[in-house]
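A.B. asks: dropping the sequence and predicted coords here.
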Amino acid sequence: MISRLIDRRKPSRRRGSSAGFAVPSGAGLLTCRVVDPVGEPLGQADFTVTDSRGQKVVSGQADPYGRVVATVPLGDYRLHVSADGFDPYRGTVPVTADRGVAGPGDITLQTSQSFSLPESGDWEIEQAHTRIGFSARHIGLAKVYGRFNRFAGAIRIGRTIEESAMHVVIDAASIDTNVKMRDDHLRSGDFLDVERYPTLEFYSERFVHRGGNAWTITGGLTLHGVTRTVSLDANYGGIRVGMEDETRLAVKATTELHREDYTIDWQTMLARGIAVVGSTVQIDLDIQVVPKGTELKFK
């Protein structure tokens, strides 16, 4: 009897019946379980919940049993779930007041179709159909988006992909955010210092298959005179034949850099009243490569 009175005096919180979580008033519990085609749980599957405006509300990883649990305000949400070697899931989940716990139940991720791998040989990045872009948080405001317009790269495919090597050279002065004043500042000694460090270079001999078309490419990135180890999360898009019967490969890759790792100290600049881009920079690569026929050079 006493416990019932206590519960009545605390209307601001309720229990998520299936998960045993205390849920704040005006919120609900979004939950599901991620499994593979034979029903085995996919622990550490990545999930992202976005609202009706496309803004991220929460993200994380499933637990070792494939379970996803997130407390969110009442509303309609989009749920995205992915795991290496599997096709991603996207669905809508309404979280309403009459349902303390909402979710699609079990989500079965299907194994990704694996594209055929290229034969051994030398390939080069085709600049006309490749984009090396980046984004960074403008301090206190929205994101800044940009790209590098001049670069060259070569890939040597070994007897297996794991025995391959990759070398990319980027012209630092080709940075482009569509704002000339900002670009001039990014080229200056406060940031890239292109007069002293005219290029960025990435070299890798470590290609690791993560399943399906997912790979990790690990190597050394030299930026601002400093070399650090970085890993690219890459997705292989397969082999295609172009309009002029040329063979080409497609790869998309992402990584995250921290400017302090390359002695570009944003705190020092902030103290001087300079606020251009934040500390963390997201790199996005959309690459097409063709059989190598020219030397590595800027075009």
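C.D. replies: Structure's in. What do you need?

A.B. asks: now do the strands in the stretch 101-250 of the chain.
C.D. replies: Using DSSP state E, counting those that start in this stretch, the strands assigned to the stretch 101-250 of the chain run over residues 101-108, 121-125, 131-137, 143-148, 151-157, 165-171, 175-176, 199-211, 214-223, 226-241, 247-258.

A.B. asks: mean neighbour count and distance to Pro41 added to those strands, as JSON lines?
C.D. replies: C-beta: built from backbone N, CA, C; applies to glycine. Putting these into JSON lines (neighbours: other C-beta atoms under 10 Å; distance: least, C-beta to C-beta, whole Å) gives the following:
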{"stretch": "strand 101-108", "mean neighbour count": "16", "distance to Pro41": "10"}
{"stretch": "strand 121-125", "mean neighbour count": "18", "distance to Pro41": "39"}
{"stretch": "strand 131-137", "mean neighbour count": "18", "distance to Pro41": "33"}
{"stretch": "strand 143-148", "mean neighbour count": "17", "distance to Pro41": "35"}
{"stretch": "strand 151-157", "mean neighbour count": "20", "distance to Pro41": "35"}
{"stretch": "strand 165-171", "mean neighbour count": "20", "distance to Pro41": "35"}
{"stretch": "strand 175-176", "mean neighbour count": "20", "distance to Pro41": "44"}
{"stretch": "strand 199-211", "mean neighbour count": "17", "distance to Pro41": "16"}
{"stretch": "strand 214-223", "mean neighbour count": "19", "distance to Pro41": "19"}
{"stretch": "strand 226-241", "mean neighbour count": "15", "distance to Pro41": "22"}
{"stretch": "strand 247-258", "mean neighbour count": "17", "distance to Pro41": "26"}
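
A.B. asks: which of those sits closest to Pro37?
C.D. replies: strand 101-108 (6.2 Å; C-beta to C-beta).

A.B. asks: contacting residues around that closest one?
C.D. replies: Applying C-beta atoms under 8 Å, 6 or more residues apart in numbering, the contact partners of strand 101-108 are 16-19, 28-37, 39, 68, 79, 81, 89, 91, 93-96.

A.B. asks: could I get the contacting residues of Arg196?
C.D. replies: 189, 225.

A.B. asks: if I look at it, how far off is Gly43?
C.D. replies: 47 Å (C-beta to C-beta, to the nearest Å).

A.B. asks: coming back round to it: kindly reformat the strands of the stretch 101-250 of the chain as TSV containing distance to Gln61.
C.D. replies: Output for the strands of the stretch 101-250 of the chain, formatted as TSV (distance: least, C-beta to C-beta, whole Å):
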stretch	distance to Gln61
strand 101-108	14
strand 121-125	33
strand 131-137	23
strand 143-148	24
strand 151-157	31
strand 165-171	28
strand 175-176	34
strand 199-211	15
strand 214-223	16
strand 226-241	14
strand 247-258	16
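
A.B. asks: looking at these, which is nearest to Phe115?
C.D. replies: That would be strand 226-241 among those, by C-beta to C-beta, at 3.2 Å.

A.B. asks: quick one: low-confidence ranges for the stretch 51-200 of the chain?
C.D. replies: 99-100, 138-142 (pLDDT under 70).

A.B. asks: tell me what the closest residue to Ala102 other than its chain neighbours is bridged to.
C.D. replies: Once flanking residues are discounted, Ala102 sits nearest to Val95: 4.6 Å by C-beta to C-beta, 6 or more residues apart in numbering. With DSSP bridges as the criterion, Val95 is bridged to Gly75.

A.B. asks: and for Val95, the neighbour number?
C.D. replies: Other residues near Val95 come to 22 when the count uses other C-beta atoms under 10 Å.

A.B. asks: show me which of the contacts of strand 101-108 are buried.
C.D. replies: 16, 28-36, 68, 79, 81, 89, 93, 95 (16 or more other C-beta atoms under 10 Å).

A.B. asks: among those, name the ones in helices.
C.D. replies: Of these, none are assigned to helices by DSSP state H.

A.B. asks: find the pair from the residues you listed with maximum spatial separation.
C.D. replies: The farthest-apart pair in the buried ones among the contacts of strand 101-108, when distances are taken by C-beta to C-beta, is Gly28 and Asp36, at 27.5 Å.

A.B. asks: is it true that Gly60 touches Ala70?
C.D. replies: Yes - the pair Gly60 / Ala70 is scored as a contact, 7.4 Å apart, by C-beta atoms under 8 Å.

A.B. asks: residues shared between the contacts of the two?
C.D. replies: Common neighbours of Gly60 and Ala70, using C-beta under 8 Å, 6+ apart, are Phe47.

A.B. asks: who's more crowded, these two?
C.D. replies: Set Gly60 next to Ala70 and count neighbours by other C-beta under 10 Å: Ala70 wins out with 21 against 14.

A.B. asks: tell me, how many residues neighbour Ala45?
C.D. replies: Ala45 has 26 nearby residues by other C-beta under 10 Å.
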